[in-house]
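**Student:** next input, structure requested:
(2 chains)
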Number of protein chains: 2
Amino acid sequence: MRIHIHNAPDDPLFAITPRQWEEAAARAGAEGRGHSVSFGEACPVLVAALAEAEALIARPAALAAAFPAPAPRLRLIFSTSAGVDALAPFTSLPPGAILVCNRGIHGEKAGDYAIMALLMLAMEMPALLAAQQGARWEPRYNPTLTGRRLLVVGLGTLGAAAAARAAAFGMEITGITRTGAPHSACRTVLPVAALDLALTEAEFLLLACPLTPATRNLLDRRRLALLPAGAGVVNIGRGAVLDEEALADRLDAGHLGGAVLDVFAHEPLPSGHRLWRTRNLFLTPHISADDPATYNPRTLDRFFTALGALVRGTPIPNIVDYALGY
Amino acid sequence: MRIHIHNAPDDPLFAITPRQWEEAAARAGAEGRGHSVSFGEACPVLVAALAEAEALIARPAALAAAFPAPAPRLRLIFSTSAGVDALAPFTSLPPGAILVCNRGIHGEKAGDYAIMALLMLAMEMPALLAAQQGARWEPRYNPTLTGRRLLVVGLGTLGAAAAARAAAFGMEITGITRTGAPHSACRTVLPVAALDLALTEAEFLLLACPLTPATRNLLDRRRLALLPAGAGVVNIGRGAVLDEEALADRLDAGHLGGAVLDVFAHEPLPSGHRLWRTRNLFLTPHISADDPATYNPRTLDRFFTALGALVRGTPIPNIVDYALGY
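**Tutor:** Numbering: from 1, shown residues only, chains lettered A, B, ... in the order given. The predicted structure is shown next:
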């Protein structure tokens, strides 16, 4: 099959190399053989490759820039990201191709980040490190995470990994998902309709859902105000799931205990944005789920899984549902 | 038995209350009944109580201030701290009493703090939060803790709890103890004589040992220089176990990746101390092992265990060995 791999020119750490491709193809066995692969970084190279490519590997931002471009032979678009909100509402994509997202590889790192963030909030690290900057010895003693109530919105790869880690620290976890189906790490899972009530009981809120028409601004100003005084907020999903201004207001006013944000409605976060300096807020630049040691090998393994299923005509995992948006 | 409880006047959060005493006495059953207990905060009250007290509960700092005072009937001194280095070399304590330390209650919180600190170092949080302060979007992508090499010095309550958490995150752990006896969370445990070699292979160093004549300045300038470039250092034991100036030099020079310190040779850390502003260093004010939700109940339960053993003449756990210093 004719395959094109588009690497982002501004992201060399995550560029897929010919050697990584060859190693993944070898792991794939028979399904890894007989392909013709090309690599590129510039958008015109991508557009040119689409004249003949049957499968494409690229980040959503590159896909959004390239399409609608003629792609007469394209059958499989493999997004190297799990979140494909940059492509919504998906109307520019060629109708003959399916879009498969890179769901499932981000859990380990995201689970580490999530439990780190929860521990930092539980120990009031934002206040302790503000004291450090002022050379002030101001002890704050706090209990462990055991028995404390965590609300996880979204139980995909990220949310499930976070919930599993939190459960190992003894937290009592309520999940919120579209369906409300049970989950092994959660005491309770509720559908989105129960979100308001669940918020009133949460000591910690962790957002780990994709950005879709149903989740955009889900945590709006009214809902953020339902959180108890002193609650902590973590966002590892997508920034636009919450109202950043409302969150900053509640942090600045001292209503919330603290927040750790890794994702933002606009990335990179503009240099003048108030979130850079909001009280009791730690922010990181969208690094919570990306492990450079494993990212590309796992991505390529999943690509070959999708390609093999396509060739065999068996069900392809992680096809994006354009109506749901993930 | 005549028991006196001394609470530190500057530490109301951890003051043992009459109600906590009554609840613990009830939990102790028959061994909790028939005692005469008094409470105090001032040193003269403590000294006066020693005229008749048979058992005493107090922090080491208060004991160091009170003794040598006549304590003709005193049989049991129960330190509310696990570390009793403030009382070394123990020559002021009344010879008729045993000193029992509060070993075993600090593990859960310390394990939480330790894994938080290791995750923060693994994710380069010191650098990321310095970037936040400068409103700079500077992603740093790092692998998870899986397979990374942790050296834990001291496998008492704190070190064992930290090692258990780190093992759950897939770290490869080497322990250093006085004896080198095996430990379930560690791949290898070595005696102190092997410390130099172990340091050369450590990606992360976690110090969790008591301060004794054998551990004072154990991590001196020469040994700190054995750590590989980019290594991370965590100290939750006692500050004087490491050479703070040497550590700061190696952090400022960029030889080490970062450090998280909760304990210091002089506490509170003096306001002009360079550690407040050392590069890639997070410091917290000795809060890593103290959970106010459980501290006093657990302390009193251990006191009653010691008291019951003393009365029955059975072996008393956690008697301090004055020669070893813990």
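**Student:** going forward, measure contacts and count neighbours with C-alpha atoms only.
**Tutor:** OK.
**Student:** and the residue of the stretch 101-250 of chain A closest to chain B?
**Tutor:** In the stretch 101-250 of chain A, the residue that lies nearest chain B is A:Pro143 (4.7 Å; C-alpha to the nearest C-alpha).
**Student:** enumerate every residue touching that residue.
**Tutor:** By C-alpha atoms under 8 Å, 6 or more residues apart in numbering or on different chains, A:Pro143 lies in contact with A:Ala122, A:Met123, B:Lys109, B:Asp290, B:Asp291, B:Pro292, B:Ala293, B:Thr294.
**Student:** got a list of what the residue nearest to A:Gly239 when sequence neighbours are not counted touches?
**Tutor:** Leaving out its chain neighbours, the residue that sits closest to A:Gly239 by C-alpha to C-alpha, 6 or more residues apart in numbering or on different chains is A:Phe264, at 3.6 Å. A:Phe264 makes contact with A:Arg238, A:Gly239, A:Ala240, A:Glu244 under the criterion C-alpha under 8 Å, 6+ apart.
**Student:** and for A:Thr177?
**Tutor:** Taking C-alpha under 8 Å, 6+ apart as the definition, contacts of A:Thr177 comprise A:Val153, A:Gly154, A:Leu155, A:Val189, A:Leu190, A:Pro191, A:Val192.
**Student:** how long is stretch A:204-221 from one end to the other?
**Tutor:** Distance across stretch A:204-221, first residue to last, is 17 Å (C-alpha to C-alpha, to the nearest Å).
**Student:** buried set for that stretch?
**Tutor:** Of all the residues in stretch A:204-221, those buried under the rule 16 or more other C-alpha atoms under 10 Å in any protein chain shown are A:204-212, A:215-221.
**Student:** same thing with stretch A:250-264?
**Tutor:** Under the neighbour-count criterion of 16+ other C-alpha under 10 Å, stretch A:250-264 has A:250-252, A:255-264 buried.
**Student:** save those as JSON lines, and put in pLDDT and secondary structure too.
**Tutor:** Below are the buried residues of stretch A:250-264 laid out as JSON lines (pLDDT from 0 to 100; DSSP: H, G, I helix; E, B strand; the rest coil):
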{"residue": "A:Arg250", "pLDDT": "98", "secondary structure": "helix"}
{"residue": "A:Leu251", "pLDDT": "98", "secondary structure": "helix"}
{"residue": "A:Asp252", "pLDDT": "98", "secondary structure": "helix"}
{"residue": "A:His255", "pLDDT": "97", "secondary structure": "coil"}
{"residue": "A:Leu256", "pLDDT": "98", "secondary structure": "coil"}
{"residue": "A:Gly257", "pLDDT": "97", "secondary structure": "coil"}
{"residue": "A:Gly258", "pLDDT": "98", "secondary structure": "strand"}
{"residue": "A:Ala259", "pLDDT": "98", "secondary structure": "strand"}
{"residue": "A:Val260", "pLDDT": "98", "secondary structure": "strand"}
{"residue": "A:Leu261", "pLDDT": "98", "secondary structure": "strand"}
{"residue": "A:Asp262", "pLDDT": "98", "secondary structure": "coil"}
{"residue": "A:Val263", "pLDDT": "98", "secondary structure": "coil"}
{"residue": "A:Phe264", "pLDDT": "98", "secondary structure": "coil"}
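**Student:** and the residue of the stretch 151-300 of chain A nearest chain B?
**Tutor:** Closest point on the stretch 151-300 of chain A to chain B, by C-alpha to the nearest C-alpha, is A:Asp291, at 4.7 Å.
**Student:** farthest pair within the buried residues of stretch A:204-221?
**Tutor:** Taking C-alpha to C-alpha as the measure, those span a maximum distance of 22.9 Å, between A:Phe204 and A:Thr212.
**Student:** on that earlier part again, I'd like to know which of the contacts of A:Pro143 are buried.
**Tutor:** A:Ala122, A:Met123, B:Lys109, B:Asp290, B:Asp291, B:Pro292.
**Student:** would you turn those residues into JSON lines with secondary structure, pLDDT and distance to B:Gln132?
**Tutor:** Listed next are the buried ones among the contacts of A:Pro143 as JSON lines, based on DSSP: H, G, I helix; E, B strand; the rest coil; pLDDT from 0 to 100; distance: C-alpha to C-alpha, whole Å:
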{"residue": "A:Ala122", "secondary structure": "helix", "pLDDT": "98", "distance to B:Gln132": "21"}
{"residue": "A:Met123", "secondary structure": "coil", "pLDDT": "97", "distance to B:Gln132": "20"}
{"residue": "B:Lys109", "secondary structure": "helix", "pLDDT": "97", "distance to B:Gln132": "28"}
{"residue": "B:Asp290", "secondary structure": "coil", "pLDDT": "94", "distance to B:Gln132": "29"}
{"residue": "B:Asp291", "secondary structure": "coil", "pLDDT": "94", "distance to B:Gln132": "30"}
{"residue": "B:Pro292", "secondary structure": "coil", "pLDDT": "93", "distance to B:Gln132": "31"}
